[in-house]
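> structure here, sequence nowhere to be found:
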């Protein structure tokens, strides 16, 4: 059996996700807005998904945007809003028509907030109780955070699988860290989420970029100030990526980012020139079209299988329940009630609850 040989990719869509951390009002959303035009030439090639009450897009003329205040919610004609899952469903099913090249999630912080509310909602449906925190969800022991990360991973993976460049914006703050060698405390500019939740996504990211203000200070007065983006980390900046030959920092501009990306790609190739890289990019895009078709097909099959499983479980319950003993019936009703439902045919019942009822009736 022959082993696979890795080939360095050269197209921006081949390396998602990208994390961009920066302070509030730094220009993260504007960076995405300008990046879409810089890379793909049109606002229609990119989509900003704004979570919760983030809404940092109002001053950006022509930007394509969807607002996701809930994780899972059908389209509401009155508010003209729908859930994140429904937005992703639409993109996966119809991107041949839309022609999107990139997606930006604004921001990771508010995405986590919306996903956390969904975990609480699922906990109430499945357990019949109200939980006050992720640590309480699904009987604790990290199960709440595990469900949260599963929700996030699933949707980001669906976007990645159809060949989109996925950018995730995130706020930052100073955090106290401990040096492993000396045990000394020090400050680092990093994310403002818990390390386990942030680290799960950051570890999978191809690039973690950190925006900061570079200041020249003399005798306590700011002489000069500029906005920069760190592409490689140091003792105070929590940045980094898969590329080794990339500038430590660049000015805050999509053009500077693309130039740095292309330099890093070129330096990662053993032998390359501009013509060869352009040829490789075209081959990547063509090859990605095939993998996207496969991904869409698998996504449809998964959704169909889930619905088929639901129908099968409901049929088993409806057929088996009348002939079950009073004790078994009582147990099945208890499971249903604890999940927050009154009828076995309710289309909102989670599949794992239906499965548990079926197992009780067998």
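Cool, got the structure. Remember, it's a predicted structure, so these values are computed and weren't measured experimentally.
> pull the contacting residues for residue 211.
Shown in contact with residue 211 (CB atoms under 8 Å, 6 or more residues apart in numbering): 20-23, 26-28, 172, 227-230, 252. (Each C-beta comes from the backbone N, C-alpha and C, glycine too.)
> nearest to residue 80 among those residues?
residue 28 (24.8 Å; CB to CB).
> okay, now the closest one: neighbour count?
As a burial measure, residue 28 scores 25 neighbours (other CB atoms under 10 Å).
> isn't it up against residue 20?
Yes - at 5.8 Å, residue 28 and residue 20 qualify as touching, with contact defined as CB atoms under 8 Å.
> shared neighbours of those two, anything?
Counting by CB under 8 Å, 6+ apart, the shared contacts of residue 28 and residue 20 are 169, 211.
> can you tell me which of the contacts of residue 211 has the most neighbours?
Busiest of the contacts of residue 211 [other CB under 10 Å] is residue 21, holding 30 neighbours.
> need phi/psi at that residue.
When read as degrees, to the nearest 10, the backbone of residue 21 gives phi -100, psi 140.
> residue contacts, it?
By CB under 8 Å, 6+ apart, the contact set of residue 21 is 169-172, 190-191, 208-211, 238-239.
> tell me what it is bridged to.
Assessed by DSSP bridges, residue 21 has beta-bridge partners residue 170, residue 210.
> packing partners for the helix or strand containing residue 318?
Element membership of residue 318, judged by DSSP states H and E, is helix 274-320. Secondary-structure packing of helix 274-320 (3 or more CB pairs under 8 Å, 6 or more residues apart in numbering; DSSP states H and E): helix 84-98, helix 143-161, helix 254-268, helix 351-361.
> dump the contacts of residue 21 into CSV; add pLDDT as well.
As requested, the contacts of residue 21 are exported to CSV (pLDDT from 0 to 100):
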residue, pLDDT
169, 96
170, 93
171, 90
172, 86
190, 75
191, 78
208, 93
209, 94
210, 94
211, 93
238, 87
239, 90
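> mind putting these into TSV with distance to residue 84?
Below are the contacts of residue 21 laid out as TSV (distance: CB to CB, whole Å):
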residue	distance to residue 84
169	15
170	17
171	19
172	23
190	25
191	20
208	22
209	23
210	25
211	25
238	26
239	27
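> and the pLDDT at residue 168?
Listed pLDDT for residue 168 reads 96.
> show me where pLDDT drops low in the stretch 101-250 of the chain?
Along the stretch 101-250 of the chain, the parts satisfying pLDDT under 70 run over 176-177, 179-181, 186-187.
> would you map the strands across it?
Here the stretch 101-250 of the chain has its strands, by DSSP state E, counting those that start in this stretch, at 102-106, 165-170, 172-178, 185-191, 207-218, 221-230, 240-241, 249-251.
> who's residue 67 bridged to?
With DSSP bridges as the criterion, residue 67 is bridged to residue 50.
> sorry, back to before: go through the strands of the stretch 101-250 of the chain and name the closest to residue 332.
strand 102-106 (40.0 Å).
> adjacent strands (with direction) for that closest one?
Strand 102-106 has its sheet partners listed here by DSSP bridges as strand 46-51 (parallel), strand 165-170 (parallel).
> so how far is it from its chain's centroid?
9 Å (CA atoms, centre = their mean, to the nearest Å).
> what does that strand contact?
Here strand 102-106 makes contact (CB under 8 Å, 6+ apart) with 12-13, 28-29, 32, 35-36, 39-40, 45-51, 54, 56-57, 91, 111, 156, 159, 164-169.
> select only the buried ones of these in PyMOL?
To isolate the buried ones among the contacts of strand 102-106 in PyMOL, judged by 16 or more other CB atoms under 10 Å, type:
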select buried, resi 12+13+28+29+32+35+36+39+40+45+46+47+48+49+50+51+54+56+57+91+111+156+159+164+165+166+167+168+169
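> what angle do the helix or strand encompassing residue 335 and helix 274-320 make?
Using DSSP H and E, residue 335 sits within helix 326-338. For helix 326-338 against helix 274-320, the angle by axes from the mean of the first three to the mean of the last three CA atoms, to 10 degrees is 140 degrees.
> run through who's touching helix 326-338.
126-128, 317, 321, 324, 342-344, 349, 353, 356-357, 360-361.
> compare those residues and tell me which is most surrounded.
Counting by other CB under 10 Å, top hit in these: residue 357 with 25 neighbours.
> which ones are touching that residue?
313, 317, 332, 335-336, 344 are the contacts of residue 357 under CB under 8 Å, 6+ apart.
> please repeat the previous calculation with a cut-off of 6 Å.
By CB atoms under 6 Å, 6 or more residues apart in numbering, the contact list for residue 357 reads 317, 332, 335.
> so what pLDDT did it get?
Confidence score, pLDDT, at residue 357: 86.
> can we start the residue count at 50 from this point?
OK, 50 is where the count begins now, so the last one is residue 406.
> wait, which of the contacts of residue 406 is closest to residue 166?
Using CB to CB, the contacts of residue 406 come closest to residue 166 at residue 384, 23.8 Å.
> one step back: mind putting the contacts of residue 260 in JSON lines, distance to residue 341 included?
As requested, the contacts of residue 260 are exported to JSON lines (distance: CB to CB, whole Å):
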{"residue": "69", "distance to residue 341": "25"}
{"residue": "70", "distance to residue 341": "29"}
{"residue": "71", "distance to residue 341": "31"}
{"residue": "72", "distance to residue 341": "36"}
{"residue": "75", "distance to residue 341": "33"}
{"residue": "76", "distance to residue 341": "31"}
{"residue": "77", "distance to residue 341": "28"}
{"residue": "221", "distance to residue 341": "33"}
{"residue": "276", "distance to residue 341": "35"}
{"residue": "277", "distance to residue 341": "35"}
{"residue": "278", "distance to residue 341": "30"}
{"residue": "279", "distance to residue 341": "32"}
{"residue": "301", "distance to residue 341": "32"}
